[in-house]
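A.B. asks: need a structure here:
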Amino acid sequence: MRWVSLTKHGVADDRDEVLALLRAVARASSVDEFHAAVQRLKKSRVWARSSALQRWMENTWLPEYKVRAYTMTSTTMTMTASAMKT
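C.D. replies: Next up is the predicted model:
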């Protein structure tokens, strides 16, 4: 991911750790898993010392993935409810 690799953001030295944390959020298969991955990210040492990462995640990255996670859950619930009616 290009943002992580740019030295001006201050996390390039922790690139592998940041990418692993981001992948866990992006690959969450449920809302609970998503929230747990976000909590692990926010408790990480790289999060604690990088205000640039915090701003980027809160303003750019997380809103997009929150929508995907909740949409996925709504779709799954709808499909399950529909399947039970038949």
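
A.B. asks: so for whichever strand or helix holds Gln39, what's the average pLDDT?
C.D. replies: Here Gln39 sits within helix 31-42, counting by DSSP states H and E. Helix 31-42 shows a mean pLDDT of 90.

A.B. asks: All further residue positions should be reported with the first residue as 19.
C.D. replies: Fine by me, first position is 19 from now on; the one you just mentioned is helix 49-60.

A.B. asks: and the helix or strand following that helix, what other elements does it pack with?
C.D. replies: Next along the chain after helix 49-60, taking DSSP H and E as the criterion, comes helix 63-67. Here helix 63-67 touches helix 33-44, helix 69-74, going by 3 or more CB pairs under 8 Å, 6 or more residues apart in numbering; DSSP states H and E. Yep, even glycine has a C-beta here, placed from its N, CA and C like the rest.

A.B. asks: Pipe the ones you listed into TSV and attach distance to Ala54 and mean neighbour count per row.
C.D. replies: Formatted as TSV, the helices and strands packed on helix 63-67 follow (distance: least, CB to CB, whole Å; neighbours: other CB atoms under 10 Å):
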stretch	distance to Ala54	mean neighbour count
helix 33-44	8	16
helix 69-74	18	15
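
A.B. asks: Now tabulate the ones you listed in JSON lines and tack on distance to Thr25 and mean pLDDT.
C.D. replies: Output for the helices and strands packed on helix 63-67, formatted as JSON lines (distance: least, CB to CB, whole Å; pLDDT from 0 to 100):
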{"stretch": "helix 33-44", "distance to Thr25": "10", "mean pLDDT": "87"}
{"stretch": "helix 69-74", "distance to Thr25": "11", "mean pLDDT": "90"}
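
A.B. asks: Switch the ones you listed over to JSON lines; also include distance to Leu80.
C.D. replies: Shown next, in JSON lines, are these (distance: least, CB to CB, whole Å):
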{"stretch": "helix 33-44", "distance to Leu80": "8"}
{"stretch": "helix 69-74", "distance to Leu80": "9"}
